[in-house]
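Asks: predicted model and sequence follow; I will ask about them next.
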Amino acid sequence: MRIRTHAVWISLVVVLTKGPSASPAEAVAHDKKPIRQALPQVSTVQGALDIGGVSLKKGDARGSVMRQLSQLYELRRLRSAQGEEDSWLISAKAEPDDYIGVVSFDSGRVRRVARFRKWTQNDDSVELAQHLCELLEKLTTERGQMANIEARSTDSGSVSVRGVEMIFGDKRVSFNIVSRNSSDVAQKEVHLDEAIQ
């Protein structure tokens, strides 16, 4: 009787651990483990942005920021399409059309600050920026918004290249400034390329 009971339990355990029989193809499919994608590394470091000697960071008190900026710059209230009421364009006092940056507040604290590195209305520059925006919009729609960014600089004496490459999987957007320095001519070119690599 005791042997028969053990035999029943052993049979039950074997059936439960083995599970339903599977075809060889199904068994192979179940053996495959999903490939784990490396998680993107996103910086959480909070930094400051210097606007002409005034160091600003997210969360700074509005009163102190406005006081410091107004001593050095012309401040003009902006109204965005989203209805932001507390955004200010920062420009030089002597030349109000010389825009330096913008600061926005929410609940009495800095929400966003931007420093304009280059402000131009040059037709070629505007066209180049439009092409860059269109290309990045296309790639983020195709491949998602996460990209690796590589900055590089090379110099062979006669040709130097300074560039930034944004890598979306196998597609790349590269933005390069090429300087050619030969004995008879010196010229600079800007290249915006899309490539698969």
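Replies: Thanks, I have the structure now.
Asks: neighbours of residue 126, how many?
Replies: 11 (other C-beta atoms under 10 Å). (C-beta placed from N, C-alpha, C; glycine too.)
Asks: that one: what's its closest spatial neighbour, skipping adjacent residues?
Replies: Spatial nearest neighbour of residue 126, excluding adjacent residues (C-beta to C-beta, 6 or more residues apart in numbering): residue 120 at 7.4 Å.
Asks: the one you found and residue 128, how far apart?
Replies: In this view, residue 120 and residue 128 are 10 Å apart by C-beta to C-beta, to the nearest Å.
Asks: more neighbours: which of those two?
Replies: Neighbour comparison, residue 120 and residue 128: the larger count goes to residue 128, with 14 against 10 (by other C-beta under 10 Å).
Asks: got phi/psi on the residue nearest to residue 126?
Replies: phi -150, psi 150 (degrees, to the nearest 10).
Asks: check it and give its pLDDT.
Replies: If you check residue 120, the pLDDT there is 80.
Asks: since we're on residue 147, how many residues are nearby?
Replies: So residue 147, with other C-beta under 10 Å, has 19 neighbours.
Asks: return the residues in contact with it.
Replies: Residue 147 makes contact with 139, 166-168 under the criterion C-beta atoms under 8 Å, 6 or more residues apart in numbering.
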